[in-house]
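Engineer: Turn this into a model:
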Amino acid sequence: MTSLATRSLLTSAETAEDASPEVRTLAERVFHQLQDAIVRGEIAPGSKITEPGLSKTYGISRGPLREAMRRLEAHRLIERVPHVGARVVQLSMQELLELFDVREALESMAARLAAEHMTKDEIAGLRNVLAVHESQDDLKRGEAYYQREGDLDFHYRIVLGSHNKMLMNLLCDDLYYLVRLYRTQFSASGSRPHRAFVEHHRIVDAIEAGDAELAELLMRRHVSASRENVADRYAAALEQKAQTIG
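Structural biologist: Reported below is the predicted structural model:
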């Protein structure tokens, strides 16, 4: 199955096939800069973004910028709104809860499959990721638990360890950046980080023991706790915003 993001990237590649390597490299750099700014909340959810504004901010021409924006749209981080233009995605509370419901179901399945299929080297790599996380100053202080994307993301590695291509398409491609946005902004800081880190270790223990049922249960509880935390903090942010406007 070809994912939405993959199809969009293929379209982008076809559109830019005559572009120079320099232009493609520039578009890649701007894509990562914008993606990181959106995920970290430096560009707020719901913010309108324009090509002239971004072109001025990043000092690039419209061609590379349009390619970067197409990729952001493919990763569900920006959306096109009729009569408004492009803006950073902002889920409603209902949409956010639905996203985490899907995540709970699929990631718990991924953990179960990981317990059945992860190799010793893959498990060792997962342990190494946690060791890197443990060395982070923000986690040591109990202030935050920021995970870089891809191979340094605990959840990403679990999904890869499932060895299930359908789950990889859904969780590492279609939904990954949208989930990561809300995890980073509403679950990676506050009182949650240390507990989440301990839960990660328990999940790896279950996977290493080959206990698929326990791995699935622990991941389900872990994502459910994250869901509650994110929902509470998101609701508080919406209330604060409403008070500020009022």
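
Engineer: tell me what the helix or strand Ala68 falls within is packed against?
Structural biologist: For Ala68, the enclosing helix or strand under DSSP states H and E is helix 62-74. Applying 3 or more CB pairs under 8 Å, 6 or more residues apart in numbering; DSSP states H and E, one finds that helix 62-74 contacts helix 4-15, helix 21-39, helix 51-58, strand 78-81. Where you see a C-beta, it was placed from the backbone N, CA and C, and this is true even at glycine.

Engineer: what's the least confident stretch among the ones you listed?
Structural biologist: Mean pLDDT is lowest for helix 4-15 among these, at a mean of 36.

Engineer: where does the protein dip in pLDDT?
Structural biologist: In the predicted model, the chain carries pLDDT under 70 at residues 1-24, 138-146, 187-191, 245-246.

Engineer: which residues sit in contact with the spatially most central residue of it?
Structural biologist: Nearest to the mean C-alpha position of the chain, counting by CA atoms, centre = their mean, stands Arg180 at 2.1 Å. By CB atoms under 8 Å, 6 or more residues apart in numbering, the contact list for Arg180 reads Val39, Glu149, Asp153.

Engineer: So the second one sits against His155, correct?
Structural biologist: No. Counting by CB atoms under 8 Å, Glu149 sits too far from His155 to count as a contact (10.5 Å).

Engineer: who's more crowded, the two?
Structural biologist: Ranked by neighbour count (other CB atoms under 10 Å), Glu149 and His155 place His155 first, with 24 against 16.

Engineer: which residues in the chain form strands?
Structural biologist: 48-49, 78-81, 85-88 (DSSP state E).

Engineer: Mind putting those strands into TSV with distance to Asn164 and mean neighbour count?
Structural biologist: Shown next, in TSV, are those (distance: least, CB to CB, whole Å; neighbours: other CB atoms under 10 Å):
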stretch	distance to Asn164	mean neighbour count
strand 48-49	35	14
strand 78-81	28	14
strand 85-88	31	17
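
Engineer: who wins for proximity to Arg227 among those?
Structural biologist: With CB to CB as the criterion, Arg227 lies closest to strand 85-88 of the strands of the chain, at 21.7 Å.

Engineer: Direction included, what does that closest one pair up with?
Structural biologist: Counting by DSSP bridges, the strands paired with strand 85-88 are strand 48-49 (antiparallel), strand 78-81 (antiparallel).

Engineer: Would you reformat those strands as CSV and include distance to Cys172?
Structural biologist: Shown next, in CSV, are the strands paired with strand 85-88 (distance: least, CB to CB, whole Å):
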stretch, distance to Cys172
strand 48-49, 25
strand 78-81, 20
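
Engineer: ok, the closest residue to Pro64 other than its chain neighbours to Arg127 distance?
Structural biologist: Leaving aside its sequence neighbours, Pro64 sits nearest to Ala27 (CB to CB, 6 or more residues apart in numbering; 3.9 Å). Going from Ala27 to Arg127 by CB to CB, to the nearest Å gives 36 Å.

Engineer: between those two, which one's more packed in?
Structural biologist: Ala27 (23 against 13).

Engineer: so the more buried one touches Arg62, yeah?
Structural biologist: No. With contacts counted by CB under 8 Å, Ala27 stays clear of Arg62, the gap being 10.9 Å.

Engineer: who touches Ser162 in this structure?
Structural biologist: With contact taken as CB under 8 Å, 6+ apart, Ser162 is in contact with Met109, Ala110, Ala111, Leu113, Ala114, His117, Met168.

Engineer: Please list only the buried members of these.
Structural biologist: Met109, Ala110, Ala111, Leu113, Ala114, Met168 (16 or more other CB atoms under 10 Å).

Engineer: Cheers, nothing more for now.
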